[in-house]
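Novice: Task: produce atomic coordinates for the following.
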Amino acid sequence: MDRRNFIKLTAITGTSAALTACGNPENQIIRFIPEDDLVQGVATWKPSICPLCNAGCGVIARVMEGDAEVFRNGQAGVVRMGLAKKLEGNPEDAISQGKLCARGQAAIQITYHPDRLDKPKKRSGERGSGQFVDITWEEAIKELTGKLNELAAANDHASLAFLAKPRRGRRLELIAQWLLSYGAKPPVTYELFSDEVLRRANASAFGSHQLGTVDLENARYVISFGADFLGTWNSAVAQSVAYGRMRQGHGNVRPKFVHVDARLTQTAANADEFVACKPGTEGLLALAIAALVDKTTASAADYAPDKVADKTGVPVAKIERLAREFAANGPAVAIIGGAPLAHTNGAFHAHAVNTLNRTAVNKSGGVLFIPQGAPVATRSLKEMIDTAPKVLLIDDVNPVYGSPSAWKVADALKRVPFIVSFGSFIDETSALADLILPDHSFLESWVDAAPESGSLKAAPSKFGPVMRPLYDTRSTPDLLLEVSRGLAKPLTGLPNTFEEYLNTERRGGTSVPPARAGASKEAPLPYADPVFDGDVSQYPYHFMPYASQGLYDGSLAHLPWLQEMPDPMTSGMWCSWVEINEKKARELGIEQGDLIEVTSTQGSVRAPAFLNPGISPEAVAMPVGQGHTNFTRYASNRGVNPISILAPTTIAETGTLAWSATRVKIARVGGPETDSLILFGGATRERPDWTHGRGDEH
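Specialist: Numbering: from 1, shown residues only. You can find the predicted model right below:
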């Protein structure tokens, strides 16, 4: 809160009241009647669900009485109401189990963000200029219904498209039902760090199109192929809790954890053993281990250790030892995620690890698939771009930032005649909208989740609002239902409210059967070398973008607590950096903080160097999250976006982006720049004279 608004909230009695009577505009505010019956100084705890990733962690919000500047009936004023003060994990939730990650703690900033949109907006300048004017909800709804009526009158219902995140929950189900009732095609979903390759492999091998829950707590041997399951992959909170219990040991036996990767991640740093493997060959190592564990594995001779060692860079003796350990220390389980699934041969790697897990399905200490509702049928971003919709609705997704520049998503959206965004913030994608109809925050809404993994039992949940809305916003699902009733030909078969929908049982026929207790012994997908964009002679390094522990895929970069949070492996904050093998950097004459240009066939970005002993000499890595051109005061024009230089290569089996398939070259283009590399070392950003936060005074 700035000083001006602080004065507004406090100057309502005494001398200030007299000033108000004299017409001082600074203090002309409306004091609304309190909306909550709360006891002063006593907290109430209310449940909700964290929205910042797909894990679906249950949270409880500490709600206390307080003054808030709000909008009521189009007027601004102050009201004493229940305000969420703090979030914690819900002890009764099967996913979070009373724990909460840093991203979940920062989720409260969505509600109180100073740049959060407080009312409907209409574009007033050129598309993409970010220039909007305020309008009323009545005007906004009239314009939206008018566009939908035009499509219906022309019998062109298929020209409506809806773009959203691939949520697991009833919100996306309702959106799909709404589109079906209108006569439009299924929703379009997009996610940069997609796990669709693994879901497809699980469906093929085990009969369940979902991510499994790894029973880490009861496992005695765990081998992970690239999955940062303690940091950013899948249900990190639930996996961290289970991993902590696993590390307590089983009697006198302490389980072992082995991590296979080309870069030392937060998860890899917790492993008993780190196995360096060449990018794009992880599945070969998995099948070599599987062939030694089970001689009946199809094509076992093709994956003999001596044949695999050269391609993977893992010595024969180590492969044989890993296989002996895996076989002798059951229950044993393998995990795959992250970069191995994002190569052009990612489907092979997923199937290979499933072969290693053949006897671990739905068993204690293995991987379990909990029966749940079938996923919503969706379409790809490419299909939407190719079909050029006339009306596009966008719900909380930012593909302009989160896709390669070569896809030209922004250019495609500029060709759409009418775009509506339901986002709470202006970002690179919503800046292209004609209307922005801001949603409530999750603390002000009915919310739900149907986690596909993270628990050994089904854990669907739904909760009502924690607090009343602060601003003139509306729940997006309820807004869609209101629009459906206001069309020239109202839609039928829909509920009246989202609350009503959540409290209605799912329709039949959506149940997914439990996974089969073992994969078939058919030969896995044939191995093919990964295809990289960029000739190795010109672009000698594998490019490894990775999900930031705080900012994830960039969708959380607007939250200052997460910008301020040091990266667990580098301590970087508020900036971008390029991770280079320490020895390789010395050979190239690169020192810590030097400005480095990273170039692919698609373009280049510049960021300071971070010398890292835990990355392959053949690779360079960058965290994703920075480099926004338009995403609130905290994220705009800060750092660079490594997604922009990725090759537009996709994985054949799923059509998802192969974000590990780009090669790059690097060049030192300058020495250290002031504040270019901000590393946490006990200092603050207000003292840049302390070298990277590690000055003499510390």
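Novice: helix/strand/coil for Gln210?
Specialist: coil (DSSP: H, G, I helix; E, B strand; the rest coil).
Novice: what's around it, how many residues?
Specialist: The number of residues packed near Gln210 is 23, by other Cβ atoms under 10 Å. Any C-beta I mention is one placed from the backbone N, CA and C, and that applies to glycine too.
Novice: what's the spacing between the residue nearest to it when sequence neighbours are not counted and Pro460?
Specialist: Spatial nearest neighbour of Gln210, chain neighbours left out: Glu452 (4.3 Å); criterion: Cβ to Cβ, 6 or more residues apart in numbering. Distance from Glu452 to Pro460, counting by Cβ to Cβ, to the nearest Å: 11 Å.
Novice: Tell me the residues that contact both of those two, please.
Specialist: Gln372 (Cβ atoms under 8 Å, 6 or more residues apart in numbering).
Novice: neighbour-wise, which of these two wins?
Specialist: Glu452 (28 against 17).
Novice: close enough to count as contact, the more buried one and Pro371?
Specialist: No. Between Glu452 and Pro371 there is no contact under Cβ atoms under 8 Å: 10.8 Å.
Novice: which ones are touching Gly589?
Specialist: Arg668.
Novice: Look up how far Arg379 lies from it.
Specialist: 49 Å.
Novice: can you check Asp396 too?
Specialist: 17 Å.
Novice: swap in Thr213?
Specialist: 28 Å.
Novice: more crowded one of the two?
Specialist: Thr213 (25 against 17).
Novice: Leaving aside the residues adjacent along the chain, what's closest to that one?
Specialist: Ser453 (4.4 Å).
Novice: same check, this time on Gly231
Specialist: Gln266 (4.1 Å).
Novice: What pLDDT does the model give that neighbour?
Specialist: Listed pLDDT for Gln266 reads 94.
Novice: Look up how far Val376 lies from it.
Specialist: Taken as Cβ to Cβ, the span from Gln266 to Val376 is 32 Å.
Novice: Those two: who's more crowded?
Specialist: With neighbours defined as other Cβ under 10 Å, Gln266 and Val376 compare such that Val376 has more, 22 against 16.
Novice: Let me see the backbone angles for Leu677.
Specialist: Main-chain dihedrals, Leu677, degrees, to the nearest 10: phi -120, psi 110.
Novice: Is there a neighbour count for it? I'd like the number.
Specialist: 23.
Novice: What's the separation between it and Asp594?
Specialist: Leu677 is 9 Å from Asp594, by Cβ to Cβ.
Novice: what do you get for Asp411?
Specialist: Distance from Asp411 to Asp594, by Cβ to Cβ: 35 Å.
Novice: quick one: the strands in the stretch 251-400 of the chain?
Specialist: 256-261, 273-276, 332-336, 367-368, 391-395 (DSSP state E, counting those that start in this stretch).
Novice: Kindly report the same for the stretch 451-600 of the chain.
Specialist: So, for the stretch 451-600 of the chain - with DSSP E, counting those that start in this stretch - the strands run 461-463, 541-547, 578-581, 595-600.
Novice: Mind putting those strands into CSV with mean neighbour count?
Specialist: Shown next, in CSV, are those (neighbours: other Cβ atoms under 10 Å):
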stretch, mean neighbour count
strand 461-463, 20
strand 541-547, 25
strand 578-581, 26
strand 595-600, 20
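Novice: What is the burial count for Leu174?
Specialist: Neighbours around Leu174, by other Cβ under 10 Å: 22.
Novice: Equivalent analysis for Pro371, please.
Specialist: 13.
Novice: do the one 3 residues further on as well
Specialist: When neighbours are defined as other Cβ under 10 Å, Ala374 has 13 of them.
Novice: ok, then the element right after the helix-or-strand element of the chain with minimal mean pLDDT?
Specialist: Sorting the helices and strands of the chain by mean pLDDT, DSSP states H and E puts helix 14-21 at the bottom, at a mean of 38. Following helix 14-21 in sequence order, the next helix or strand is strand 30-31 (DSSP states H and E).
Novice: now that following strand: mean pLDDT?
Specialist: Mean predicted confidence for strand 30-31 is 77.
Novice: which residues are contacting that strand?
Specialist: Ile12, Gln75, Ala76, Gly77, Val78, Val79.
Novice: That strand: how far from the chain's middle?
Specialist: Distance, stretch centre to chain centre, for strand 30-31: 40 Å (Cα atoms, centre = their mean, to the nearest Å).
Novice: Listing partners with orientation, what would you give for that strand?
Specialist: Partners of strand 30-31 in the sheet, by DSSP bridges, are strand 75-89 (parallel).
Novice: quick one, helices of the stretch 51-200 of the chain?
Specialist: 102-106, 108-112, 137-153, 170-182, 196-206 (DSSP state H, counting those that start in this stretch).
Novice: Indicate which one of those is closest to Thr497.
Specialist: Thr497 lies closest, by Cβ to Cβ, to one member of these: helix 170-182, at 10.5 Å.
Novice: how much does that closest one deviate in direction from helix 137-153?
Specialist: Following axes from the mean of the first three to the mean of the last three Cα atoms, to 10 degrees, one obtains 50 degrees for the angle between helix 170-182 and helix 137-153.
Novice: list the helices and strands helix 170-182 packs on?
Specialist: strand 160-164, helix 476-486, helix 498-502 (3 or more Cβ pairs under 8 Å, 6 or more residues apart in numbering; DSSP states H and E).
Novice: most neighbours per residue, which of these?
Specialist: Neighbour counts (mean count of other Cβ atoms under 10 Å) averaged over each of these peak at strand 160-164, with a mean of 24.
Novice: Need the contact partners of that strand.
Specialist: With Cβ under 8 Å, 6+ apart, strand 160-164 has contacts from 148, 151, 172, 175, 179, 182, 184-185, 187-190, 381, 384, 387, 389-397, 399.
Novice: strands paired with that strand, and their directions?
Specialist: strand 188-189 (parallel), strand 391-395 (parallel).
Novice: how close does Glu597 get to Arg668?
Specialist: Taking Cβ to Cβ, one finds Glu597 at 8 Å from Arg668.
Novice: Tell me how this protein divides into domains.
Specialist: 31-111, 121-190+380-439+474-502, 196-368, 541-670 (automatic domain parsing).
Novice: Dump those into JSON lines; add distance to Gly681 as well.
Specialist: As requested, the domains of the chain are exported to JSON lines (distance: least, Cβ to Cβ, whole Å):
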{"stretch": "domain 31-111", "distance to Gly681": "19"}
{"stretch": "domain 121-190+380-439+474-502", "distance to Gly681": "30"}
{"stretch": "domain 196-368", "distance to Gly681": "19"}
{"stretch": "domain 541-670", "distance to Gly681": "7"}
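Novice: nearest to Arg468, of those?
Specialist: Closest among the domains of the chain, using Cβ to Cβ: domain 31-111, at 5.5 Å.
Novice: quick one: terminal-to-terminal distance for the closest one?
Specialist: 21 Å (Cα to Cα, to the nearest Å).
Novice: Work out the gap between that domain and the centre of the chain.
Specialist: That offset, for domain 31-111, works out to 22 Å (Cα atoms, centre = their mean).
Novice: Then stretch 262-271?
Specialist: With Cα atoms, centre = their mean, you get 20 Å for stretch 262-271.
Novice: what do you get for stretch 265-273?
Specialist: For stretch 265-273 - counting by Cα atoms, centre = their mean - the centre lies 22 Å from the chain centre.
Novice: Pull out the buried positions in that stretch.
Specialist: Thr265, Gln266, Thr267, Ala268, Asn270, Ala271 (16 or more other Cβ atoms under 10 Å).
Novice: The first one - nearest residue in space that isn't next to it in sequence?
Specialist: Of all residues not flanking Thr265 in the chain, Asp228 sits nearest, at 4.6 Å (Cβ to Cβ, 6+ apart).
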